[in-house]
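Undergrad: Turn this into a model:
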Amino acid sequence: MSAPPSSSRVFVVLGAAGLTVSALACAALVVVLDFAWSEAPPVHASWELEVPPPVYGPLPALTLRDERGQPLERGQLQGQLTLLPFTWEPEAPSLPVLRQVQERLEADGVPVRVVIATPLDSTVLHPDWQRLQDSGRLLLLVDQRLQVRGVYDSSQSLPTSERVITDARCLRSCRLP
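TA: Okay, here's the model as predicted:
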């Protein structure tokens, strides 16, 4: 009959087994974290798939005024993102919501210009926009190529703001056709 193992041997074996299990658990955690970090989107990326907003057509003929009420030519908007709130009053100030949108986008490095638009007598807009145009709630997002890329109801402050910000960011960073 053999002698029972000494208590120090038992503790050595249990300690070695515990260290081995701990080392394997740490190695597995490192592998999992490395995989998760390599698959994570960049900090500025949206969790939703960025799809560029559709093209609604070229910017129609409009009377355009800057924030000081000075007239603008259509060509002066070339190369920049522009928000066009519609109003029948050429001297009407921009909506405060648009100023907040502009500030948020500029803080993200997406410059956008707010320009007041008034339809000309001969301006024909898309029929689906007529209700918004008539009520003075029509807001357009125009891309750098003077294509209308967003049509919004400016009376819906928060949903409109978030959609405009998402669309403008995408126009700045997404691959456009």
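
Undergrad: just checking, what packs against the lengthiest helix in the chain?
TA: Using DSSP state H to define each element, the chain has its longest helix at helix 7-39. The contact analysis (3 or more Cβ pairs under 8 Å, 6 or more residues apart in numbering; DSSP states H and E) places helix 7-39 against no helix or strand. Every residue, glycine included, has its C-beta placed from N, CA and C.

Undergrad: residues in contact with the helix or strand following it?
TA: For helix 7-39, the following helix or strand on the C-terminal side (DSSP states H and E) is strand 57-58. With contact meaning Cβ atoms under 8 Å, 6 or more residues apart in numbering, strand 57-58 is reached by His126, Leu146, Gln147, Val148.

Undergrad: and the helix or strand hosting Thr166, which residues are buried?
TA: Using DSSP H and E, Thr166 sits within helix 157-173. Neighbour counts using 16 or more other Cβ atoms under 10 Å place Thr160, Ser161, Arg163, Val164, Ile165, Asp167, Ala168, Arg169, Cys170, Leu171, Arg172, Ser173 of helix 157-173 among the buried residues.

Undergrad: And those residues, which is closest to Ala27?
TA: The shortest gap between Ala27 and any of those belongs to Ser173, at 37.7 Å (Cβ to Cβ).

Undergrad: Report the separation between the closest one and Ala107.
TA: Per Cβ to Cβ, to the nearest Å, Ser173 is found 15 Å from Ala107.

Undergrad: go on, Leu125?
TA: 32 Å.

Undergrad: next one: Gln78
TA: Taking Cβ to Cβ, one finds Gln78 at 24 Å from Ala107.
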